[in-house]
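> Compute the structure for the input listed below.
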Amino acid sequence: MRDSIHPTRPTRPRGAHLLAVALVLSVSGVLLAACARGPAAAAGSSQTDKVTDCLLSDSCYAPHQYRVAYGIQPLLDRGIDGRGETVTVVDPYSSPNARAGPRRSRNMPPAVTDIRQDLAAFDSEFRLPAARVQVVTSLAGSASPWRANSEEVLDTEVVHTVAPGATIRVVLLPPHVLKSAANATADLLAALPLAVSDTNVVSISGGLGEHYLTRAQAAEMHSILLRAAAHHVTVDAASGDTGASSGSWWGKPVKEVSFPASDPLVLAVGGTSLTANRSTGAYISETAWSAPGVASGGGFSRLYARPSYQDGVPGISKMRGVPDVAGAAAESIPVVFAAGGKKYILGIGGTSASAPLWGGLMALADQYAHHDLGFVNPAIYRIARSSSYHEAFHDVTTGNNTVTIGSATIAGYQAAPGWNPVTGWGSPNAQVLVPLLARSTSHSKT
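Have a look, this model is predicted:
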């Protein structure tokens with residue numbers, strides 16, 4: 001066991017740090033998908049074999065290429081790597097009694113792995129510093145805290161790619177979280193106060209359709225997020241993977257957006273398909289993420305009115321528009337699993353990949369500013385509506401989030417110049433956006 005990785009029980013919230021947390025509910029995502037060009041076994045070292053699908057794909061980029069594409073590498077070269085910051089993610093607990101499903105091929109890792117081994121293999125493969133990870137087991141119980149599923153591995157490795165100096169804090173949800181919408185909603189609400197304690201950034205990689213949330217529950221969640229904002233904690237959340245619908249996890253798909261991304265106090269993150277130079281990582285283009293049965297979540301809330309920071313934005317309705325920003329969701333970054341003496345390098349798609357990109361980015365911005373930025377949405381919109389927009393963001397103007405789930409087609413929205421309900425303002429050029437965010441006040445009201 002590495003000394004830098006240890007399970008913890010929650011401590012009492014520090015006055016100045018409620019949190020920046022990443023919550024991961026695998027209720028509507030692309031949980032595990034090998035990149036397009038598998039399968040092939042790459043040459044292994046003398047101690048471990050390596051099974052590689054992701055790096056053989058035209059859409060999958062090594063961490064350095066990914067960081068160059070999004071302007072992150074220049075910040076890392078200056079020592080802005082998230083050190084001193086904590087990003088919290090929330091993931092379903094992998095029960096030691098859970099039965100893994102059938103292996104689809106020899107190139108697929110086991111359904112449950114050990115997060116310590118996964119991160120060590122990831123760091124070794126891509127020459128990253130050892131990850132500092134804490135696991136909070138209060139909701140899930142203390143048995144087998146290191147057991148991890150693909151969502152947890154994805155969250156931690158993307159955050160570590162973007163902010164390799166940051167501490168990653170994992171809050172484990174109970175194993176029954178996915179058994180029903182009622183369980184998922186209740187467990188999410190129970191996890192949020194815990195997640196926003198003792199952290200700087202929260203990145204939530206999943207969610208549920210708004211119709212699963214009562215107005216009382218929506219008010220409860222908003223009050224927790226208000227406390228997080230008061231303590232200058234940034235919270236981001238994935239907009240979802242089923243386009244303009246809530247998917248069909250527990251019933252027929254409904255045209256709606258997902259919570260917690262739809263809450264105005266959350267930075268909602270949509271998904272794109274990234275194209276970059278295969279050799280240098282230089283950014284080329286992006287389009288809205290869409291594939292059979294999946295697409296970037298987006299649309300307009302039924303629960304929350306339009307916040308003031310969205311006033312006057314073309315294309316906005318009288319209700320909260322989702323998402324605010326976006327990032328690569330099309331299996332664009334390799335995720336490493338370790339099991340049985342082998343490394344499995346695969347792509348995992350969905351906004352579960354783009355949300356932790358922004359979680360790591362906010363850790364960089366906090367370090368750059370020498371203080372927690374907290375609620376950043378007003379600053380994001382000011383920058384996007386300024387002359388700096390096309391320097392700070394990549395404007396994503398093509399694609400849509402219409403999706404067909406089973407026999408139902410949910411008509412979505414079209415990406416277009418500026419803000420749109422598919423990719424928001426677009427993806428980050430961090431070397432410009434982070435300094436602008438650091439100079440902007442984040443203590444604004446909605």
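
> ok, Asn439 - how many residues close by?
Slight slip there: residue 439 is Arg, not Asn. 11 (other Cβ atoms under 10 Å). The way it works is simple: take the backbone N, C-alpha and C, and place the C-beta from them, glycine included.

> Name the SS class of Ala338, please.
Here Ala338 takes the strand state, with states given by DSSP: H, G, I helix; E, B strand; the rest coil.

> what about it, neighbour count?
23.

> check contacts around it.
48, 113-114, 117-118, 120-121, 344 (Cβ atoms under 8 Å, 6 or more residues apart in numbering).

> Quick one: residues contacting the spatially closest residue to Val162 that is not a sequence neighbour.
Spatial nearest neighbour of Val162, chain neighbours left out: Gly360 (2.8 Å); criterion: Cβ to Cβ, 6 or more residues apart in numbering. By Cβ under 8 Å, 6+ apart, the contact set of Gly360 is 82, 87, 158-163, 166, 203.

> and of the residues you listed, the nearest to Gly426?
Minimum distance to Gly426 across the contacts of Gly360 is 17.0 Å, recorded for Val162 (Cβ to Cβ).

> The closest one and Ala62, how far apart?
14 Å (Cβ to Cβ, to the nearest Å).

> which residue is nearest the centroid of the protein?
Ala355 (2.2 Å; Cα atoms, centre = their mean).

> quick one: contacts for it?
Neighbouring residues of Ala355 by Cβ under 8 Å, 6+ apart: 22, 203-205, 236-238, 269, 327.

> Among these, which ones are in strands?
22, 203-204, 236-238, 269, 327 (DSSP state E).

> Just send those residues back as JSON lines, with neighbour count, distance to Ser258 and pLDDT too.
Below are those laid out as JSON lines (neighbours: other Cβ atoms under 10 Å; distance: Cβ to Cβ, whole Å; pLDDT from 0 to 100):
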{"residue": "Ala22", "neighbour count": "37", "distance to Ser258": "15", "pLDDT": "30"}
{"residue": "Ser203", "neighbour count": "36", "distance to Ser258": "15", "pLDDT": "96"}
{"residue": "Ile204", "neighbour count": "33", "distance to Ser258": "10", "pLDDT": "94"}
{"residue": "Asp236", "neighbour count": "33", "distance to Ser258": "13", "pLDDT": "98"}
{"residue": "Ala237", "neighbour count": "32", "distance to Ser258": "8", "pLDDT": "97"}
{"residue": "Ala238", "neighbour count": "36", "distance to Ser258": "8", "pLDDT": "96"}
{"residue": "Val269", "neighbour count": "35", "distance to Ser258": "11", "pLDDT": "98"}
{"residue": "Gly327", "neighbour count": "34", "distance to Ser258": "17", "pLDDT": "98"}
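
> Quick check: the residue nearest to Val162 vs Arg278, distance?
Counting by Cβ to Cβ, the gap from Gly360 to Arg278 is 23 Å.

> ditto for Leu192
For Leu192, the distance to Arg278 - Cβ to Cβ - is 40 Å.

> which one of the two has more residues nearby?
Leu192 (26 against 12).

> In a helix, the more buried one, correct?
Yes: under three-state DSSP, Leu192 sits within a helix.

> and the nearest residue to Tyr283 once chain neighbours are set aside, backbone torsions?
Of all residues not flanking Tyr283 in the chain, Ala69 sits nearest, at 4.6 Å (Cβ to Cβ, 6+ apart). Main-chain torsions, Ala69, degrees, to the nearest 10: phi -60, psi -40.

> now do the one 5 residues further on
Comment: the main-chain dihedrals of Pro74 come out as phi -60, psi -30, following degrees, to the nearest 10.

> What does the pLDDT read for it?
What the model reports as pLDDT for Pro74 is 98.

> what about it, neighbour count?
For Pro74, using other Cβ under 10 Å, the count is 14.

> Please apply the same query to Ser285.
Count around Ser285 with other Cβ under 10 Å applied: 13.

> Next one, pLDDT for Ser246 please.
82.

> Skipping adjacent residues, who's closest to it in space?
Nearest residue to Ser246, sequence neighbours excluded (Cβ to Cβ, 6+ apart): Gly209, at 2.5 Å.

> how close does that neighbour get to Ala408?
In this view, Gly209 and Ala408 are 14 Å apart by Cβ to Cβ.

> show me where the stretch 301-446 of the chain has strands.
319-322, 325-328, 334-339, 342-347, 393-394, 403-405, 408-410, 427-428 (DSSP state E, counting those that start in this stretch).

> in the third one, what counts as buried?
Residues of strand 334-339 classed as buried: 334-338 (neighbour count, 16 or more other Cβ atoms under 10 Å).

> from these, which is closest to Pro260?
Using Cβ to Cβ, Val335 comes nearest to Pro260 of the buried residues of strand 334-339, at 23.6 Å.

> Check the closest one and give its pLDDT.
Reading off the model, Val335 has pLDDT 93.

> I'd assumed Asn149 was in contact with it.
No: counting by Cβ atoms under 8 Å, Val335 does not reach Asn149; the two are 11.7 Å apart.

> pull the helix or strand with minimum mean pLDDT from the protein.
Scoring the helices and strands of the chain by mean pLDDT, DSSP states H and E places strand 21-23 at the bottom, with a mean of 29.

> Can you give me every residue that contacts Gly243?
Contacts of Gly243 were listed using Cβ under 8 Å, 6+ apart, and they are 290, 294-298, 401-403, 410, 412.

> Let me know the closest of the contacts of Ala338 to Pro428.
Asp118 (25.9 Å).

> Now do the same contact list for the closest one.
Contacts of Asp118 (Cβ under 8 Å, 6+ apart): 148, 153, 156-157, 336-338.

> Columns distance to Ser95 on top of those, output as JSON lines?
Formatted as JSON lines, the contacts of Asp118 follow (distance: Cβ to Cβ, whole Å):
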{"residue": "Ala148", "distance to Ser95": "12"}
{"residue": "Val153", "distance to Ser95": "16"}
{"residue": "Thr156", "distance to Ser95": "19"}
{"residue": "Glu157", "distance to Ser95": "22"}
{"residue": "Val336", "distance to Ser95": "23"}
{"residue": "Phe337", "distance to Ser95": "18"}
{"residue": "Ala338", "distance to Ser95": "20"}
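
> Which two among the residues you listed are spaced furthest apart?
Longest span within these, Cβ to Cβ: Thr156 and Ala338, 13.0 Å.

> my read: His431 touches Leu76, true?
Check again: residue 431 is Gln, not His. No: using Cβ under 8 Å, Gln431 makes no contact with Leu76, being 10.1 Å away.

> so what's the backbone phi/psi at Val376?
phi -100, psi -10.

> hang on, it packs against Leu437?
Yes: counting by Cβ under 8 Å, Leu437 is a contact partner of Val376 at 6.3 Å.

> Spit out the contact partners of the residue nearest to Thr402 when sequence neighbours are not counted.
Excluding the flanking residues, the one nearest Thr402 by Cβ to Cβ, 6+ apart is Gly412, at 4.0 Å. Residues near Gly412 by Cβ under 8 Å, 6+ apart: 243-244, 295, 298-299, 400-403, 422.
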